[in-house]
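> Output the structure for:
(chains A and B)
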Amino acid sequence: MSCDAIQERLDERALARTLDDGSPEAVELGAHALRCAACGAHRRFLVALEAALDVPEPEPVAAAVVAAARTRAARVLRSRETPPAVGRELAAALGVAVLALPLVVAHAYLVIEGGAWLLAAWLPAPVLTWLGAVYLLSLALGVGALYGLIPLAVAFRRRASWESG
Amino acid sequence: MESDEELMAAVARGEERALGALVERHAVRLHAFLVRAAGTRDDADDLLQDTWIRVARGAPTFDPRRRARPWLYGIAANLARDHHRRRSVRLRAAHEERNAPAPERAVFRPLERIDLRHRLDRLPDRLREVLMLRFYADLDEAEMAEALGIPKGTVKSRLHGAIRELRRGWEEP
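Now for the predicted structure:
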């Protein structure tokens, strides 16, 4: 067997924690490691690795932690059975948002009317129309994007509360 | 006594009794695994709760032909990996704030037990988690493959890759 193959076998045995289990293969690999510097160093590394990983068994988990885990998981299990009320939540959020819409429209009307009145003396009508159109388009895009985020925000909120159990 | 897989099927049907039985059966071992994977008991406590929440939520997607234990440890390992990643980012930020070399850039001292643990902490996640599952959850290669959703050959190569990575630059004391 080549040194590479031997080191691979040593790895396997270290992973199975049978580096020193006294089996014929372990003895044979150990004997080779004594004669071969490279395999010897590899075996010593594996022993050190096993020791580093061999941390003592932690204290058992507190009963209160287990009980809390069971309670929260059971709550998730129960909530899985009830149909999600996403429609109602979304409708409420959209309802609040729609209430703000008349304010946005009134604001846009005032800006356009006021702007036209102020600038009519200096700018030709086509330029005023173009400015008004650009303003309205920007406003529509902004409001559309904002309203489009509402379902995402509702979904995000539901997911966060679901994950927290 | 019902098997884990039978209990999982019952959880998928929404039976709280089965969920309680699974928690009772696995919580202690799972918590011990999480303490070692996450580093602190407090973090392990949180991760244990998150694991069972995910079990409750994911039970309907559990394939009854699979074994439940690897599936369970797969969830825990995923959560531990995310936790480890967040903790590494926080530690790196704290080191940078103090103008100290980040852990990844720090020069490792010759081998001591503590150094090897540190190096284990700094292994890439995909290598670190297979060692954790092997040593602390006692899963064999086939179970790890199920837990992580990767082929058995990949598990094997990751295990050897982890050992090679830890061995690199190792100096005997």
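> Using CSV, write out every CA atom in stretch A:56-67.
Extracted C-alpha coordinates of stretch A:56-67, given in CSV (Å, rounded to 0.1, in the frame of the first residue of the first chain):
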residue,chain,number,x,y,z
PRO,A,56,-16.3,16.7,27.2
GLU,A,57,-20.0,16.1,26.8
PRO,A,58,-21.8,19.3,27.6
GLU,A,59,-24.2,19.5,30.6
PRO,A,60,-27.6,18.2,29.6
VAL,A,61,-30.0,20.8,28.3
ALA,A,62,-32.2,22.5,30.9
ALA,A,63,-35.8,21.1,31.1
ALA,A,64,-37.2,24.6,30.7
VAL,A,65,-35.4,25.0,27.4
VAL,A,66,-36.8,21.7,26.1
ALA,A,67,-40.3,22.6,27.3
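> Domain ranges for chain A, per the record?
For chain A, automatic domain parsing gives the domain ranges A:3-53, A:85-163.
> Just say which of those domains is most tucked in.
Mean neighbours per residue, mean count of other CB atoms under 10 Å in any protein chain shown, is largest over the domains of chain A for domain A:3-53, with a mean of 16. Quick note: C-beta positions are derived from backbone N, CA and C, even for glycine.
> What strand or helix carries the residue lying farthest from the centre of chain A?
Relative to the mean C-alpha coordinate of chain A, counting by CA atoms, centre = their mean, the farthest residue is residue A:121 (56.4 Å). Under DSSP states H and E, no helix or strand contains residue A:121.
> circling back: now the domains of chain A as a markdown table including mean pLDDT and distance to residue B:67?
A markdown table is the format used below for the domains of chain A (pLDDT from 0 to 100; distance: least, CB to CB, whole Å):
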| stretch | mean pLDDT | distance to residue B:67 |
| --- | --- | --- |
| domain A:3-53 | 89 | 19 |
| domain A:85-163 | 87 | 26 |
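> quick one, which of these is nearest to chain B?
Closest approach to chain B among these (CB to the nearest CB): domain A:3-53, 3.8 Å.
> Quick one: end-to-end length of that closest one, please.
In domain A:3-53, first residue to last residue: 25 Å (CA to CA, to the nearest Å).
> How about the residues of chain A by chain B?
Residues of chain A lying close to chain B (CB under 8 Å from any CB of the partner chain) are A:8, A:11, A:14-15, A:41-42, A:44-46, A:48-49, A:51-53, A:55, A:57-62, A:65-66, A:68-70, A:72-74, A:76-78, A:80-81, A:162-163, A:165.
> Go again with 7 Å.
Taking CB under 7 Å from any CB of the partner chain as the criterion, chain A approaches chain B at residues A:8, A:11, A:15, A:41, A:44-45, A:48-49, A:51-53, A:55, A:57-58, A:60-61, A:65-66, A:68-70, A:72-74, A:76-77, A:80-81, A:165.
> Could you tell me which of those residues are located in strands?
If you go by DSSP state E, the residues of chain A next to chain B have nothing in strands.
> quick one: which of the domains of chain A is nearest residue B:159?
Shortest distance between residue B:159 and those, using CB to CB, is found for domain A:3-53: 5.9 Å.
> Mind picking out the helix or strand in chain B with the poorest mean pLDDT?
Ranking every helix and strand in chain B by mean pLDDT, DSSP states H and E puts helix B:113-121 at the bottom, with a mean of 74.
> How about the secondary structure of the residue nearest the centre of chain B?
Centroid-nearest residue in chain B: residue B:77, 3.0 Å away (criterion: CA atoms, centre = their mean). On the three-state scheme (DSSP: H, G, I helix; E, B strand; the rest coil), residue B:77 is labelled helix.
> what's the pLDDT at it?
Residue B:77 is assigned 92 on the pLDDT scale.
> ok, now which ones touch it?
B:129, B:132, B:133, B:147, B:148 (CB atoms under 7 Å, 6 or more residues apart in numbering or on different chains).
> Show the overlap between those and what lies near chain A.
Restricting the contacts of residue B:77 to those within reach of chain A (CB under 7 Å from any CB) leaves nothing.
> Make CSV out of those and add neighbour count.
Converted to CSV, the contacts of residue B:77 look like this (neighbours: other CB atoms under 10 Å in any protein chain shown):
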residue, neighbour count
B:129, 25
B:132, 27
B:133, 27
B:147, 26
B:148, 22
